[in-house]
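In: next come a sequence and a model predicted from it.
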Amino acid sequence: MREIGIAVVGYGMGAFHCKQIKEVDGLRLHAVCDIDQSKRTSAEAEQKVKVYSSFDETLDDPGVDLVVIATPHHTHAALTIQALSSGKHVVVEKVMCLNLKEADAMIKASLEAKRSLTVHQSRRYDSDYLTARQVIQSGALGEIYQIETACNYYGSQVSWRAKACYGGGFLYDAGAHLIDQLVQIAGCRAKTVFADLQRRIWTDTMDTETYAHVIIHFESGLVGMLDISGIAHYRKPRFLIMGEKGTFVAIADENFGNAECFIYKNVSDSSERIAVEPQKRDWLQFYHGLADHLLRGSELPVKPEEVRESIKIIESTFSSAETGQSVDILNW
């Protein structure tokens with residue numbers, strides 16, 4: 001078994017990727033690339049690997065088999081396509097890209113280069129989401145017909161994440177996780193999307209939405225509702241999943257991850273609450289799955305075609321907010 005040499009590009013979120021990579025057999029952290037000298041200095045000291053200031057130099061290194069793109073959102077498509085075209089496999093941080101045109105170009109580049117492309121949708125491995133999936137699959141809720149999912153806190157985004165031109169904003173950040181989770185649970189395409197996007201309070205530092213309410217109707221009849229806010233004074237349940245036989249509620253003390261989980265059922269006019277043992281969070285599962293894919297031929301842990309559906313939904317939210325009307329996206 002050979003090792004996969006990996007270069008991490010962007011040493012902000014990239015530091016997290018470095019730590020994860022080092023914990024997985026078959027993966028080897030080979031280099032870090034960042035345009036910021038101070039970050040290169042930190043990476044060299046902390047990771048004990050090569051550092052590059054140039055993306056081109058990174059791709060020219062024969063020891064690099066795979067590139068992790070952990071740079072600002074607006075750079076994802078171009079850097080991913082360049083890396084694939086140079087013969088490297090690619091992991092791109094969420095959000096995959098900014099629109100459907102970019103997603104299609106990235107997938108096309110992967111197919112043409114015969115190199116793997118995957119997206120780091122880490123929240124597929126969170127405790128609250130894994131527990132919700134387990135409960136749904138157990139049949140305890142019966143057929144589910146509505147899912148509400150929320151990410152609420154009080155605070156502005158900072159740096160490039162506060163600027164629309166860089167792909168900032170709550171939809172491209174938390175929204176990329178919530179919508180991906182909904183798409184995975186639904187298991188089918190979205191039909192229509194309606195969105196109410198508002199800018200409040202942080203307008204002096206952010207030119208993106210600070211609140212988003214999104215309603216998604218899926219082909220199966222399932223309705224997904226998202227509430228994403230940086231202006232909230234109360235945190236809604238992470239999940240509220242309505243089924244014909246019961247309701248699942250995940251109440252978190254943070255926006256993602258650990259939560260108290262319950263199933264509610266009505267029995268003889270009284271409400272029964274059943275505690276559910278949460279599933280264990282397992283973020284390393286992504287990189288274990290990637291190693292299995294590259295070294296042993298298993299399926300990708302996250303397929304770009306799946307994430308394409310999420311990008312389509314995110315892009316349509318902006319169209320809906322502009323017109324105040326639902327957007328039909330089934331045949332996009």
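Out: On my side now, so go ahead.

In: tell me, how many neighbours does Leu59 end up with?
Out: Residue crowding around Leu59 was assessed by other C-beta atoms under 10 Å; the count is 20. (Each C-beta comes from the backbone N, C-alpha and C, glycine too.)

In: excluding sequence neighbours, find me the nearest residue to it.
Out: Ser86 (4.4 Å; C-beta to C-beta, 6 or more residues apart in numbering).

In: cool, and Ile81?
Out: Computed as C-beta to C-beta, 6+ apart, the closest residue to Ile81 that is not its neighbour in sequence is Ala109, at 4.5 Å.

In: mind listing residues that contact the helix or strand harbouring the one you found?
Out: The secondary structure element spanning Ala109 is helix 100-113 (assigned by DSSP states H and E). For helix 100-113, contacts defined as C-beta atoms under 8 Å, 6 or more residues apart in numbering pick out 76-77, 80-81, 84-85, 87, 90, 92, 96-97, 116-117, 304-305, 307-308, 311-312, 315, 332.

In: what's in contact with stretch 137-144?
Out: Contacts to stretch 137-144, defined as C-beta under 8 Å, 6+ apart, come from residues 135-136, 185, 222, 241-248, 263.

In: what's the farthest-apart pair in those?
Out: Leu222 and Ile263 (18.3 Å; C-beta to C-beta).

In: ok, which stretches of the stretch 151-300 of the chain are helices?
Out: 174-186, 284-296 (DSSP state H, counting those that start in this stretch).

In: out of the ones you listed, which is the most enclosed?
Out: Mean neighbours per residue, mean count of other C-beta atoms under 10 Å, is largest over those for helix 174-186, with a mean of 24.

In: output the lowest mean pLDDT helix or strand found in this structure.
Out: Per-element confidence for the chain was summarised using mean pLDDT, DSSP states H and E. The lowest value among helices and strands belongs to strand 270-276, with a mean of 86.

In: and that strand, what other elements does it pack with?
Out: Using 3 or more C-beta pairs under 8 Å, 6 or more residues apart in numbering; DSSP states H and E as the contact test, the elements touching strand 270-276 are strand 259-267.

In: check the offset of the helix or strand containing Glu57 from the chain's centre.
Out: Secondary structure from DSSP H and E places Glu57 in helix 55-60. Mean C-alpha position of helix 55-60 versus that of the full chain (C-alpha atoms, centre = their mean, to the nearest Å) differs by 26 Å.

In: now do stretch 204-211
Out: From the chain centre to the centre of stretch 204-211 is a distance of 21 Å (C-alpha atoms, centre = their mean).

In: pLDDT on it, on average?
Out: For stretch 204-211, mean pLDDT rounds to 95.

In: swap in stretch 325-332?
Out: If you average the pLDDT values across stretch 325-332, you get 93.

In: gap between the two ends of that stretch?
Out: Stretch 325-332 has an end-to-end distance of 17 Å (C-alpha to C-alpha, to the nearest Å).

In: so which bits of that stretch are buried?
Out: Of the residues in stretch 325-332, those buried by neighbour count under the rule 16 or more other C-beta atoms under 10 Å are 326-327, 329.

In: how about those residues in TSV, adding secondary structure and distance to Tyr234?
Out: Listed next are the buried residues of stretch 325-332 as TSV, based on DSSP: H, G, I helix; E, B strand; the rest coil; distance: C-beta to C-beta, whole Å:
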residue	secondary structure	distance to Tyr234
Ser326	coil	28
Val327	strand	29
Ile329	coil	31
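
In: just checking, Val249 touches Leu240?
Out: Yes - taking C-beta atoms under 8 Å as the contact criterion, Val249 and Leu240 are neighbours in contact, 5.7 Å apart.

In: buried residues in the helix holding Glu57, which are they?
Out: In helix 55-60, counting by 16+ other C-beta under 10 Å, buried: 55, 58-59.

In: now stretch 227-244
Out: By neighbour count, with 16+ other C-beta under 10 Å as the criterion, the buried positions of stretch 227-244 are 227-232, 235-243.

In: using pLDDT, spot the least trustworthy of the residues you listed.
Out: Model confidence across these bottoms out at Arg235, which has 91.

In: measure that one to Leu100 for me?
Out: With distances taken as C-beta to C-beta, to the nearest Å, Arg235 is found 32 Å from Leu100.

In: next one: the helix holding Ala109 to chain centre, how far?
Out: Per C-alpha atoms, centre = their mean, the displacement of helix 100-113 from the mean C-alpha position of its chain is 18 Å.
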